[in-house]
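> Have a look; sequence and predicted model below, questions after that.
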Amino acid sequence: MRAKQPSRSFWLRHVWLLLLVAAMFHVATVWLLPRAIMWRVMSGPMLQDLGGSNHAGFAPPVDASARRIVMPSPDLLYSICLLDLSHGPVRVSADPQWPDYWSLALYAANSDNFFVLNDRQAAGKPVNLLVHGPGAAFVTSASSAWQVVSPSGKALLLMRVLTSDYSAQAQAVEKARRSLRCEAVQP
Amino acid sequence: MTREQVVRGGLLIGLYLFACAFGVGSAWMLLRSSWLAQSVQVGPWTGSTLAGSTDAGMYTRGRVALDGLLALGRDETMYFVARTDSAGQPLLARCHYAITGTPPPARWWSITAYADDMFLFDAPNRRYSLNGSNAHLDAAGMFRLDTSPVAPTTTDGQTLAAWLPTPSGHGNGGLVLTLRLYNPQSVLQAAPGNLAGPRIERQGACT
(Lines give C-alpha, C1' and ligand atoms only; values in the text may rest on other atoms or scores of the structure.)
Protein backbone atom coordinates (compact mmCIF):
# COMPACT_ATOMS: atom_id res chain seq x y z
CA MET A 1 0.00 0.00 0.00
CA ARG A 2 1.50 3.34 -1.05
CA ALA A 3 1.50 6.28 1.34
CA LYS A 4 -0.58 9.24 0.32
CA GLN A 5 1.53 11.91 -1.42
CA PRO A 6 1.68 15.20 0.57
CA SER A 7 -0.36 17.98 -0.91
CA ARG A 8 1.04 21.19 -2.40
CA SER A 9 -0.22 23.13 0.62
CA PHE A 10 1.83 20.81 2.89
CA TRP A 11 5.06 21.86 1.18
CA LEU A 12 3.98 25.49 0.95
CA ARG A 13 3.34 25.54 4.68
CA HIS A 14 6.82 24.15 5.35
CA VAL A 15 8.43 26.68 3.00
CA TRP A 16 6.89 29.50 5.06
CA LEU A 17 7.89 27.80 8.30
CA LEU A 18 11.46 27.34 7.04
CA LEU A 19 11.69 31.04 6.18
CA LEU A 20 10.27 31.93 9.59
CA VAL A 21 12.76 29.68 11.40
CA ALA A 22 15.68 31.16 9.40
CA ALA A 23 14.50 34.71 10.18
CA MET A 24 14.08 33.92 13.88
CA PHE A 25 17.57 32.45 14.16
CA HIS A 26 18.98 35.42 12.23
CA VAL A 27 17.39 37.99 14.55
CA ALA A 28 18.19 35.97 17.67
CA THR A 29 21.88 35.75 16.67
CA VAL A 30 22.18 39.50 16.03
CA TRP A 31 20.31 40.32 19.26
CA LEU A 32 22.17 37.82 21.43
CA LEU A 33 25.71 38.36 20.18
CA PRO A 34 26.56 41.64 22.01
CA ARG A 35 24.83 40.36 25.16
CA ALA A 36 26.74 37.07 25.02
CA ILE A 37 30.06 38.88 24.50
CA MET A 38 29.34 41.27 27.39
CA TRP A 39 28.25 38.35 29.59
CA ARG A 40 31.54 36.63 28.83
CA VAL A 41 33.48 39.80 29.63
CA MET A 42 31.58 40.39 32.88
CA SER A 43 31.45 36.77 34.07
CA GLY A 44 34.73 35.28 32.99
CA PRO A 45 38.34 35.58 34.13
CA MET A 46 38.03 39.36 34.43
CA LEU A 47 35.56 38.97 37.29
CA GLN A 48 37.92 36.54 39.03
CA ASP A 49 40.84 38.95 38.59
CA LEU A 50 38.80 41.70 40.19
CA GLY A 51 37.84 39.54 43.16
CA GLY A 52 34.13 39.88 42.47
CA SER A 53 31.68 42.66 41.74
CA ASN A 54 31.81 46.22 43.03
CA HIS A 55 35.59 46.36 43.37
CA ALA A 56 37.94 48.43 41.26
CA GLY A 57 40.50 46.53 39.20
CA PHE A 58 43.50 48.03 37.48
CA ALA A 59 44.62 46.45 34.23
CA PRO A 60 48.33 46.61 33.33
CA PRO A 61 49.43 48.95 30.52
CA VAL A 62 48.22 47.68 27.15
CA ASP A 63 50.61 45.74 24.94
CA ALA A 64 50.38 42.79 22.56
CA SER A 65 49.51 40.45 25.44
CA ALA A 66 46.20 42.28 26.07
CA ARG A 67 43.75 39.94 24.33
CA ARG A 68 40.50 40.09 26.25
CA ILE A 69 38.79 43.02 24.57
CA VAL A 70 39.32 43.89 20.91
CA MET A 71 41.09 47.08 19.83
CA PRO A 72 42.71 47.98 23.15
CA SER A 73 44.18 51.47 23.04
CA PRO A 74 47.90 51.47 23.89
CA ASP A 75 47.68 55.12 24.93
CA LEU A 76 45.19 54.55 27.72
CA LEU A 77 45.35 52.93 31.12
CA TYR A 78 42.17 50.98 31.82
CA SER A 79 40.55 50.46 35.21
CA ILE A 80 37.38 48.45 35.62
CA CYS A 81 34.51 47.87 38.02
CA LEU A 82 31.82 45.26 37.43
CA LEU A 83 28.73 46.70 39.07
CA ASP A 84 26.13 44.35 40.53
CA LEU A 85 23.10 46.55 41.07
CA SER A 86 20.70 43.77 42.06
CA HIS A 87 21.02 44.50 45.80
CA GLY A 88 20.99 48.29 45.58
CA PRO A 89 22.99 51.16 44.17
CA VAL A 90 26.76 51.24 43.87
CA ARG A 91 28.80 54.32 44.62
CA VAL A 92 31.63 55.14 42.20
CA SER A 93 34.16 57.73 43.30
CA ALA A 94 37.39 59.00 41.81
CA ASP A 95 39.66 61.98 42.22
CA PRO A 96 42.30 61.55 39.51
CA GLN A 97 43.68 65.13 39.49
CA TRP A 98 45.28 64.24 36.17
CA PRO A 99 46.10 66.97 33.62
CA ASP A 100 45.34 64.87 30.53
CA TYR A 101 42.16 63.22 29.31
CA TRP A 102 40.38 60.71 31.52
CA SER A 103 36.83 59.43 31.52
CA LEU A 104 34.44 57.15 33.36
CA ALA A 105 32.09 55.24 31.08
CA LEU A 106 29.24 52.90 32.03
CA TYR A 107 28.14 50.03 29.77
CA ALA A 108 24.92 48.05 30.01
CA ALA A 109 24.64 44.28 29.61
CA ASN A 110 23.78 44.78 25.92
CA SER A 111 27.05 46.77 25.43
CA ASP A 112 25.39 50.22 25.17
CA ASN A 113 27.43 53.09 26.62
CA PHE A 114 24.71 54.75 28.71
CA PHE A 115 26.82 57.23 30.69
CA VAL A 116 30.16 58.95 30.31
CA LEU A 117 31.89 61.63 32.31
CA ASN A 118 35.25 63.10 31.38
CA ASP A 119 37.83 65.32 33.06
CA ARG A 120 36.44 68.48 31.50
CA GLN A 121 32.98 67.76 32.84
CA ALA A 122 34.39 66.94 36.27
CA ALA A 123 36.23 70.29 36.15
CA GLY A 124 38.90 69.20 38.61
CA LYS A 125 36.40 68.17 41.30
CA PRO A 126 36.23 64.67 42.81
CA VAL A 127 33.68 62.42 41.12
CA ASN A 128 30.95 60.95 43.29
CA LEU A 129 28.52 58.92 41.23
CA LEU A 130 25.61 56.78 42.43
CA VAL A 131 24.60 54.05 39.96
CA HIS A 132 21.11 52.58 40.45
CA GLY A 133 19.62 49.38 39.06
CA PRO A 134 16.87 49.38 36.43
CA GLY A 135 13.62 51.01 37.45
CA ALA A 136 15.08 52.72 40.51
CA ALA A 137 13.94 56.22 41.31
CA PHE A 138 16.59 58.84 41.96
CA VAL A 139 17.25 59.36 45.63
CA THR A 140 18.03 62.90 46.65
CA SER A 141 21.46 62.91 48.15
CA ALA A 142 23.57 65.91 48.93
CA SER A 143 26.70 63.79 48.74
CA SER A 144 26.18 62.64 45.17
CA ALA A 145 26.74 65.10 42.36
CA TRP A 146 25.71 62.58 39.71
CA GLN A 147 23.13 59.81 39.75
CA VAL A 148 22.38 57.45 36.91
CA VAL A 149 20.00 54.53 36.38
CA SER A 150 21.45 51.52 34.59
CA PRO A 151 19.21 49.80 32.03
CA SER A 152 20.51 46.41 33.26
CA GLY A 153 21.11 44.83 36.66
CA LYS A 154 24.80 44.41 35.90
CA ALA A 155 26.93 47.10 34.34
CA LEU A 156 30.57 47.61 33.56
CA LEU A 157 32.44 50.77 34.49
CA LEU A 158 35.53 51.53 32.46
CA MET A 159 37.91 54.28 33.48
CA ARG A 160 40.27 55.49 30.76
CA VAL A 161 43.30 57.59 31.66
CA LEU A 162 45.44 58.95 28.85
CA THR A 163 49.16 58.55 29.31
CA SER A 164 51.39 59.65 26.48
CA ASP A 165 54.52 58.15 28.09
CA TYR A 166 53.74 55.54 30.73
CA SER A 167 57.34 54.81 31.68
CA ALA A 168 57.93 58.47 32.50
CA GLN A 169 54.52 59.07 34.07
CA ALA A 170 53.98 55.73 35.85
CA GLN A 171 54.03 56.97 39.42
CA ALA A 172 51.70 59.93 38.86
CA VAL A 173 49.28 58.20 36.50
CA GLU A 174 48.99 55.12 38.72
CA LYS A 175 48.17 57.36 41.67
CA ALA A 176 45.56 59.14 39.55
CA ARG A 177 43.71 56.04 38.39
CA ARG A 178 43.96 54.22 41.71
CA SER A 179 41.75 56.90 43.21
CA LEU A 180 38.86 54.92 41.65
CA ARG A 181 36.55 53.24 44.18
CA CYS A 182 33.40 51.18 43.61
CA GLU A 183 31.39 50.25 46.70
CA ALA A 184 27.91 48.83 47.21
CA VAL A 185 25.78 51.26 49.20
CA GLN A 186 24.47 49.60 52.33
CA PRO A 187 20.66 49.77 52.57
CA MET B 1 5.28 4.21 8.76
CA THR B 2 6.28 3.75 5.13
CA ARG B 3 9.75 4.27 3.72
CA GLU B 4 8.53 7.37 1.85
CA GLN B 5 7.31 8.91 5.08
CA VAL B 6 10.66 8.22 6.78
CA VAL B 7 12.54 9.82 3.85
CA ARG B 8 10.20 12.82 3.88
CA GLY B 9 10.64 13.23 7.64
CA GLY B 10 14.40 13.09 7.31
CA LEU B 11 14.29 15.62 4.50
CA LEU B 12 12.20 18.01 6.58
CA ILE B 13 14.53 17.69 9.59
CA GLY B 14 17.48 18.42 7.29
CA LEU B 15 15.72 21.44 5.81
CA TYR B 16 14.90 22.85 9.25
CA LEU B 17 18.47 22.35 10.45
CA PHE B 18 19.66 24.13 7.30
CA ALA B 19 17.22 27.00 7.99
CA CYS B 20 18.64 27.38 11.53
CA ALA B 21 22.21 27.36 10.21
CA PHE B 22 21.27 29.79 7.43
CA GLY B 23 19.73 32.17 9.96
CA VAL B 24 22.84 32.14 12.17
CA GLY B 25 25.24 32.23 9.22
CA SER B 26 23.47 35.10 7.46
CA ALA B 27 23.53 37.10 10.71
CA TRP B 28 27.25 36.48 11.09
CA MET B 29 27.96 37.41 7.46
CA LEU B 30 25.93 40.62 7.76
CA LEU B 31 27.69 41.62 10.98
CA ARG B 32 31.09 41.01 9.42
CA SER B 33 30.18 43.03 6.32
CA SER B 34 29.60 46.76 6.14
CA TRP B 35 25.97 46.30 5.15
CA LEU B 36 23.39 47.87 7.42
CA ALA B 37 26.03 49.39 9.72
CA GLN B 38 25.40 53.11 10.04
CA SER B 39 28.76 54.32 8.89
CA VAL B 40 30.52 57.12 7.11
CA GLN B 41 33.31 56.65 4.59
CA VAL B 42 36.21 59.09 4.34
CA GLY B 43 38.77 57.81 1.84
CA PRO B 44 39.89 54.42 3.20
CA TRP B 45 38.52 55.24 6.67
CA THR B 46 35.13 53.95 7.82
CA GLY B 47 33.54 55.42 10.93
CA SER B 48 30.48 54.22 12.78
CA THR B 49 28.22 57.10 13.69
CA LEU B 50 26.37 55.15 16.35
CA ALA B 51 29.13 53.13 18.05
CA GLY B 52 28.53 52.93 21.77
CA SER B 53 25.33 54.92 21.53
CA THR B 54 22.08 53.88 23.16
CA ASP B 55 20.52 54.81 19.78
CA ALA B 56 22.42 52.01 18.06
CA GLY B 57 20.26 49.48 16.28
CA MET B 58 20.84 45.80 16.82
CA TYR B 59 23.02 45.43 13.72
CA THR B 60 25.29 48.33 14.70
CA ARG B 61 25.43 47.03 18.27
CA GLY B 62 26.35 43.54 17.06
CA ARG B 63 29.00 44.83 14.70
CA VAL B 64 30.55 47.07 17.35
CA ALA B 65 30.55 44.15 19.82
CA LEU B 66 32.66 42.16 17.36
CA ASP B 67 35.07 44.88 16.24
CA GLY B 68 34.99 47.60 18.88
CA LEU B 69 33.46 46.41 22.13
CA LEU B 70 33.21 49.09 24.84
CA ALA B 71 33.40 51.95 22.36
CA LEU B 72 32.40 55.43 23.47
CA GLY B 73 29.72 57.57 21.87
CA ARG B 74 30.80 60.02 19.20
CA ASP B 75 30.51 63.10 21.40
CA GLU B 76 33.29 61.54 23.49
CA THR B 77 35.31 59.61 20.93
CA MET B 78 35.03 58.98 17.21
CA TYR B 79 36.53 55.85 15.70
CA PHE B 80 37.57 55.41 12.08
CA VAL B 81 38.91 52.08 10.83
CA ALA B 82 40.89 51.45 7.62
CA ARG B 83 41.33 48.00 6.09
CA THR B 84 42.50 49.25 2.68
CA ASP B 85 45.01 51.82 1.51
CA SER B 86 43.99 54.99 -0.31
CA ALA B 87 44.17 53.10 -3.62
CA GLY B 88 41.61 50.61 -2.35
CA GLN B 89 44.04 47.69 -1.94
CA PRO B 90 43.75 45.57 1.23
CA LEU B 91 46.26 46.49 3.94
CA LEU B 92 48.82 43.73 4.55
CA ALA B 93 51.07 43.44 7.58
CA ARG B 94 54.10 42.52 5.46
CA CYS B 95 53.92 45.73 3.37
CA HIS B 96 55.29 49.18 4.06
CA TYR B 97 52.74 52.01 4.29
CA ALA B 98 53.15 55.72 4.83
CA ILE B 99 50.23 57.39 6.61
CA THR B 100 50.25 61.15 6.22
CA GLY B 101 47.85 63.89 7.13
CA THR B 102 47.10 66.91 9.26
CA PRO B 103 46.09 66.60 12.92
CA PRO B 104 42.32 66.07 13.01
CA PRO B 105 40.09 68.58 14.83
CA ALA B 106 39.94 66.89 18.21
CA ARG B 107 41.37 67.43 21.65
CA TRP B 108 43.57 64.38 21.21
CA TRP B 109 43.98 61.75 18.48
CA SER B 110 45.85 58.55 17.78
CA ILE B 111 46.46 56.05 14.97
CA THR B 112 47.02 52.46 16.07
CA ALA B 113 47.97 49.39 14.02
CA TYR B 114 46.20 46.10 14.74
CA ALA B 115 46.35 42.62 13.25
CA ASP B 116 43.20 41.51 11.47
CA ASP B 117 42.00 39.87 14.69
CA MET B 118 41.79 43.43 16.08
CA PHE B 119 44.53 42.88 18.69
CA LEU B 120 47.94 44.57 18.80
CA PHE B 121 50.98 43.20 17.03
CA ASP B 122 53.97 42.35 19.17
CA ALA B 123 56.14 45.44 18.72
CA PRO B 124 59.82 45.00 19.65
CA ASN B 125 60.15 48.76 20.12
CA ARG B 126 56.97 48.81 22.26
CA ARG B 127 55.51 51.48 20.05
CA TYR B 128 51.91 50.85 19.09
CA SER B 129 50.54 54.21 18.01
CA LEU B 130 51.21 57.64 16.66
CA ASN B 131 49.26 60.24 18.55
CA GLY B 132 48.72 63.89 19.24
CA SER B 133 51.42 63.83 21.91
CA ASN B 134 54.26 62.23 19.96
CA ALA B 135 53.56 63.21 16.33
CA HIS B 136 56.08 65.59 14.80
CA LEU B 137 54.64 68.01 12.28
CA ASP B 138 56.62 69.21 9.29
CA ALA B 139 56.70 72.79 8.03
CA ALA B 140 53.37 72.23 6.27
CA GLY B 141 51.77 70.99 9.49
CA MET B 142 51.68 67.37 8.29
CA PHE B 143 52.50 64.25 10.29
CA ARG B 144 53.87 61.00 8.91
CA LEU B 145 53.64 57.48 10.28
CA ASP B 146 55.18 54.38 8.72
CA THR B 147 54.13 50.78 9.27
CA SER B 148 56.36 47.96 8.01
CA PRO B 149 58.19 44.84 9.23
CA VAL B 150 61.60 46.51 8.84
CA ALA B 151 62.41 49.96 10.15
CA PRO B 152 62.19 52.29 7.14
CA THR B 153 64.98 54.73 6.49
CA THR B 154 65.27 58.06 4.75
CA THR B 155 67.37 58.53 1.63
CA ASP B 156 70.35 59.46 3.82
CA GLY B 157 70.02 56.28 5.87
CA GLN B 158 68.29 57.73 8.93
CA THR B 159 65.58 55.62 10.57
CA LEU B 160 62.18 57.27 10.42
CA ALA B 161 61.07 58.33 13.89
CA ALA B 162 57.41 57.35 13.70
CA TRP B 163 57.51 53.67 12.84
CA LEU B 164 55.02 51.04 13.93
CA PRO B 165 56.50 47.56 13.38
CA THR B 166 54.29 44.90 11.79
CA PRO B 167 55.24 41.22 11.52
CA SER B 168 56.86 39.98 8.31
CA GLY B 169 56.05 36.33 8.95
CA HIS B 170 52.36 36.99 8.73
CA GLY B 171 51.79 35.73 5.17
CA ASN B 172 48.82 37.54 3.73
CA GLY B 173 47.76 38.60 7.21
CA GLY B 174 45.84 41.81 7.23
CA LEU B 175 46.58 45.09 8.91
CA VAL B 176 43.89 47.28 10.43
CA LEU B 177 44.50 50.93 11.23
CA THR B 178 42.31 52.71 13.75
CA LEU B 179 42.05 56.48 14.02
CA ARG B 180 40.66 57.64 17.37
CA LEU B 181 39.54 61.20 17.99
CA TYR B 182 38.96 62.11 21.65
CA ASN B 183 36.55 64.96 22.27
CA PRO B 184 36.19 65.77 18.56
CA GLN B 185 35.11 69.27 17.68
CA SER B 186 31.35 69.69 17.41
CA VAL B 187 31.52 70.44 13.68
CA LEU B 188 33.09 67.03 13.11
CA GLN B 189 30.57 65.30 15.37
CA ALA B 190 27.79 66.85 13.32
CA ALA B 191 29.36 65.97 9.97
CA PRO B 192 31.89 63.09 10.32
CA GLY B 193 32.16 62.93 6.54
CA ASN B 194 34.05 66.23 6.61
CA LEU B 195 37.05 64.62 8.27
CA ALA B 196 40.25 65.10 6.28
CA GLY B 197 41.32 61.49 6.80
CA PRO B 198 45.02 60.65 6.62
CA ARG B 199 46.22 59.14 3.34
CA ILE B 200 47.54 55.58 3.41
CA GLU B 201 50.02 54.85 0.63
CA ARG B 202 51.94 51.67 -0.04
CA GLN B 203 55.68 52.24 -0.31
CA GLY B 204 57.69 50.18 -2.76
CA ALA B 205 57.15 46.54 -3.68
CA CYS B 206 55.35 44.33 -1.21
CA THR B 207 57.19 41.00 -1.11
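Nice, thanks for sending it over. Please read these numbers as outputs of a predicted model, since none were measured by experiment.

> For stretch B:122-133, give the mean pLDDT please.
Stretch B:122-133 comes out with an average pLDDT of 81.

> same deal with stretch B:158-169?
Average pLDDT, stretch B:158-169: 77.

> Show residues contacting it.
In this structure, residues lying in contact with stretch B:158-169 by Cβ atoms under 8 Å, 6 or more residues apart in numbering or on different chains are B:93-94, B:113, B:115, B:121-125, B:127-130, B:134-136, B:143-154, B:173, B:175. The C-beta positions use only the backbone N, C-alpha and C, and glycine is treated the same way.

> Same check on stretch B:107-116?
When contacts are defined by Cβ under 8 Å, 6+ apart, stretch B:107-116 is touched by residues A:71, A:73-75, A:100-101, A:162, B:83, B:93, B:99, B:103, B:120-121, B:128-133, B:145, B:147, B:164, B:166-167, B:170, B:173-184, B:198.

> So which bits of it are buried?
Neighbour counts using 16 or more other Cβ atoms under 10 Å in any protein chain shown place B:108, B:109, B:110, B:111, B:112, B:113, B:114, B:115, B:116 of stretch B:107-116 among the buried residues.

> With pLDDT and distance to residue B:89 as new columns, can those be given to me in TSV?
Putting the buried residues of stretch B:107-116 into TSV (pLDDT from 0 to 100; distance: Cβ to Cβ, whole Å) gives the following:
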residue	pLDDT	distance to residue B:89
B:108	92	30
B:109	93	25
B:110	93	24
B:111	94	18
B:112	92	20
B:113	91	16
B:114	90	18
B:115	87	18
B:116	83	15
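
> Which of these fall in strands?
In this view, these that belong to strands under DSSP state E are B:108, B:109, B:110, B:111, B:112, B:113, B:114, B:115.

> Pick the one among those residues closest to residue B:9.
Relative to residue B:9, the closest of these is residue B:115; by Cβ to Cβ it sits at 47.1 Å.

> Return the set of buried residues in stretch A:96-111.
Neighbour count says stretch A:96-111 has A:96, A:98, A:100-111 buried, by 16+ other Cβ under 10 Å.

> where along the chain do the helices fall?
Using chain A here. With DSSP state H applied, chain A shows helices at A:8-43, A:45-50, A:119-122, A:166-177, listed in chain order.

> try again with chain B
B:3-32, B:58-67, B:186-190.

> Please identify the most buried of those.
Compared across these, helix B:58-67 shows the largest average neighbour count, a mean of 22 (mean count of other Cβ atoms under 10 Å in any protein chain shown).

> the strands in chain B, which residues?
Under the criterion DSSP E, strands of chain B are mapped to B:39-42, B:45-48, B:77-82, B:97-101, B:106-115, B:129-131, B:143-148, B:163-165, B:175-184, B:199-202.

> Let's check: the centremost residue of chain B is which one?
residue B:81 (3.1 Å; Cα atoms, centre = their mean).

> What distance do you get for that residue to chain A?
Applying Cβ to the nearest Cβ, to the nearest Å, the value for residue B:81 to chain A is 9 Å.

> of the helices of chain A, which approaches residue A:79 most closely?
Evaluated over the helices of chain A, closeness to residue A:79 peaks at helix A:166-177, with 5.0 Å, by Cβ to Cβ.

> Could you see whether chain B lies near the closest one?
No: shown here: helix A:166-177 not in contact with chain B (Cβ under 8 Å from any Cβ of the partner chain), separated by at least 9.0 Å.

> returning to what we had before: farthest-separated two in the buried residues of stretch B:107-116?
Every pair in the buried residues of stretch B:107-116 was compared (Cβ to Cβ); the two farthest apart turn out to be B:108 and B:116, at 26.2 Å.

> pLDDT below threshold where in the chain?
Went with chain A since none was named. A:1-4, A:46-48, A:50-51, A:138-145, A:187 (pLDDT under 70).

> You answered for a different chain; I wanted chain B.
In chain B (pLDDT under 70), the answer is B:34-38, B:49-56, B:159, B:169-171.

> Nearest to chain A: which residue in it?
residue B:23 (2.7 Å; Cβ to the nearest Cβ).

> What sits closest to that residue if chain neighbours are left out?
Nearest residue to residue B:23, sequence neighbours excluded (Cβ to Cβ, 6 or more residues apart in numbering or on different chains): residue A:25, at 2.7 Å.

> Identify the residues contacting residue B:135.
B:103, B:143, B:145, B:162.

> Residue A:115 against residue A:103, yeah?
No: at 10.3 Å, residue A:115 does not count as touching residue A:103 under the criterion of Cβ atoms under 8 Å.

> Any idea which residue of chain A lies closest to chain B?
Chain B sits closest to residue A:25 of chain A, with a gap of 2.7 Å, by Cβ to the nearest Cβ.

> My guess is that residue contacts residue B:24. True?
Yes: between residue A:25 and residue B:24 there is a contact under Cβ under 8 Å: 5.3 Å.

> List, out of the buried residues of stretch A:96-111, those positioned next to chain B.
With Cβ under 8 Å from any Cβ as the criterion, these include A:100, A:101, A:103, A:105, A:107, A:110, A:111 near chain B.
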